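>>> Quick one, fold the following:
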Amino acid sequence: MADMSRRNFLRSAGMLAGSVAAAPLVAGCGDGGKSKATQSGAVKLDFWTHDPGYVKTYTASAKAANAAKTYPFTFSLGVTSLAADAVVTKLIAQAQAKKGTPDIAGLEVSQFPRMMKQNIAPSVLVDWSSELNDEQKSDLLRLADYTVDGKAYALESDTCPTVLYYRPDLFKKYGIPEDVGSWEELQAAAKGALAAGKALGICCNGEPGAALGTFRQLYQQRGLNLFDESGKPTIDTPEAVAVIKFMADSLKSGFFTMVPDPYGAPNAAALKSEKLIATFMPNWYNVYGLQANVPKQKGLWRVRTLPKFSAGGGVGAALGGTGFAVVKDKPNTQAAIDLVKYTYLTKAGQLLRFKTAGYLPTMKSLYDAPEFNTYTDAYLGGQKVFPIYKEIAAQAPPFHQSADATTLIDALGGAIQKAQTGAISADQAVKDAMAQYESQTK
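A predicted model of the protein is given here:
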């Protein structure tokens, strides 16, 4: 992957902070709400995304929906490819101008807080809460990520469950059981590997958001996230202190190794040299991290649920994602709604997404479907992975967002980086982050 592609994917994982300027209030909706709605026939939907995988997915979905003849429209796409942050920047600008907005836009989860500012999302986007029935709402995973004041404005495209990637051959070499139950047990079992200069995870000293990626996944295991449902920070907790201390102690012992981010040359070198014999990242890291950097290690890696913390919590964690939103009050709004519904609210659409680009089902009920459970991953040695994903998806805590998310990412990520080096304690890192956040959001 090129350096810019790595940065874009880091942003999609919610791992880079990125500057976010407050946008002026968007008055009105879509392109002004004056155009006559298309009722049927051929429609070309303006489709904005940062990732070619979504272009491939929606192109296939449009063809399948046309063949199914469930809807009164014949779909095609007019694709605009933009960087992740540019999708939101341009969407807001065009909404202000009341022209040139897309019909469908893929909003990276780390960029959605920008849509929460100054009533932008409710003014511009279709409220999916009014489009979904109660059964669909209870079946869909990760609606909270794109919710403002109890209303959801995008549908998540992947559940992004975090797993422990590990090398069973090297675990065997160093006497590490593959089924250890806790992080503490894994640390004790890995002493021989650590003595040989091996590591079983990473912490990041690049941009603050990269450091926060490691923290967030471990913190979710304790059943917590960065914000509560009201948008208030939920990091001033004993669990946050414990996780940061665990990260710092793991670096000191060599259990984790320090890299700028999970994608660049230092991390790739650690994988290639077999210094990094395990790492925890979401399902998509299989393709964008391992296969991109160590394709010759095909068949050597496996995945399992994360070890638990002995102090409490579970295995549920996730990182990254992209929600698909529809701009309201446009001629093709209903057609756009129908295509997104086919893609995410039907079994056929969900299965097509997985076969086309590897996106996991976002409906809980499909994790028991034989079409998914019989899948084996060639890179992971033919392993059946869906039973693992199902267990994680069922436990991951809701990821609530805030319009001030970037401020917290910068503050907490920077404080964690200091704690990782021993410059400050874990407790002080939380205090400093909260003080910086509160001073900037008053």
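
>>> mind checking how far Val126 is from Lys36?
In this structure, Val126 and Lys36 are 18 Å apart, going by C-beta to C-beta, to the nearest Å. For the C-beta atoms, the positions are set from N, CA and C on the backbone; glycine is no exception.

>>> Between the two, tell me which one has more neighbours.
Val126 (25 against 6; other C-beta atoms under 10 Å).

>>> what pLDDT does that one get?
Confidence at Val126, expressed as pLDDT, is 98.

>>> now the one 3 residues further on
At Ser129 the predicted local confidence, pLDDT, stands at 92.

>>> Give the helix, strand or coil label for it.
helix (DSSP: H, G, I helix; E, B strand; the rest coil).

>>> Let me see the ranges of the helices in the stretch 301-442 of the chain.
Along the stretch 301-442 of the chain, counting by DSSP state H, counting those that start in this stretch, helices occupy 333-345, 347-357, 370-373, 386-395, 405-420, 426-441.

>>> mean confidence for the shortest one?
For helix 370-373, the mean pLDDT works out to 91.

>>> For Asn267, which residues are in contact?
202, 259-261, 276, 289, 293 (C-beta atoms under 8 Å, 6 or more residues apart in numbering).

>>> starting at the chain centroid, how far to the host helix or strand of it?
According to DSSP states H and E, Asn267 maps onto helix 265-272. In this view, helix 265-272 has its centroid 22 Å away from the chain centroid, taken as C-alpha atoms, centre = their mean, to the nearest Å.

>>> Name the residues of that helix that are buried.
Of all the residues in helix 265-272, those buried under the rule 16 or more other C-beta atoms under 10 Å are 266-268, 270-271.

>>> cool, and stretch 132-139?
For stretch 132-139, by 16+ other C-beta under 10 Å, it's 132, 136.

>>> Mind exporting the C-alpha coordinates of that stretch to CSV?
The C-alpha trace of stretch 132-139 is given here as CSV (Å, rounded to 0.1, in the frame of the first residue of the first chain):
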residue,chain,number,x,y,z
LEU,A,132,-36.1,0.7,10.0
ASN,A,133,-38.7,-1.4,11.7
ASP,A,134,-38.2,-2.6,15.3
GLU,A,135,-36.9,-6.0,14.2
GLN,A,136,-34.3,-4.4,11.9
LYS,A,137,-33.2,-2.0,14.6
SER,A,138,-32.7,-4.9,17.1
ASP,A,139,-30.9,-7.0,14.5
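
>>> starting at the chain centroid, how far to that stretch?
Centroid separation between stretch 132-139 and its chain, computed with C-alpha atoms, centre = their mean, is 22 Å.

>>> Likewise for stretch 63-83?
For stretch 63-83 - counting by C-alpha atoms, centre = their mean - the centre lies 25 Å from the chain centre.

>>> quick one: contacts of that stretch?
For stretch 63-83, contacts defined as C-beta under 8 Å, 6+ apart pick out 8, 38-50, 52, 55, 58-59, 62, 90, 102, 335, 338-339, 342, 348-349, 352.

>>> Buried ones among these?
8, 38, 43, 45-50, 55, 58-59, 62, 90, 102, 335, 338-339, 342, 349, 352.

>>> Now, these that are in strands?
If you go by DSSP state E, these have 43, 45-49 in strands.

>>> re the thing from before, C-terminal to the helix holding Asn267, which secondary structure element comes first?
Next helix or strand after helix 265-272 toward the C-terminus (DSSP H and E): strand 278-282.

>>> Could you check the angle that next one makes with helix 265-272?
Relative orientation of strand 278-282 and helix 265-272, computed by axes from the mean of the first three to the mean of the last three C-alpha atoms, to 10 degrees: 120 degrees.

>>> Buried residues in the strand or helix carrying Lys172, which are they?
Per DSSP H and E: Lys172 is located in helix 168-173. Neighbour-count burial for helix 168-173, with 16+ other C-beta under 10 Å as criterion, is recorded at 168, 170-171.

>>> Stretch 60-75 now?
Residues 60-62, 64-66, 71, 73, 75 are the ones in stretch 60-75 that count as buried (16+ other C-beta under 10 Å).

>>> cool, stretch 214-224 as well?
Buried-residue list, stretch 214-224, by 16+ other C-beta under 10 Å: 214-222, 224.

>>> that older thread, I'd like the buried residues of helix 168-173 as a markdown table, with pLDDT and distance to Ser365 appended.
What follows is the buried residues of helix 168-173, written out as a markdown table (pLDDT from 0 to 100; distance: C-beta to C-beta, whole Å):
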| residue | pLDDT | distance to Ser365 |
| --- | --- | --- |
| Pro168 | 98 | 32 |
| Leu170 | 98 | 37 |
| Phe171 | 98 | 34 |
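
>>> before we move on, the earlier item: and the next helix or strand past the helix holding Lys172?
Once helix 168-173 ends, the next helix or strand along the chain (criterion: DSSP H and E) is helix 183-189.

>>> Check the burial of Ala433 by counting its neighbours.
28.

>>> One more: Val303?
Val303 is flanked by 21 other residues according to other C-beta under 10 Å.
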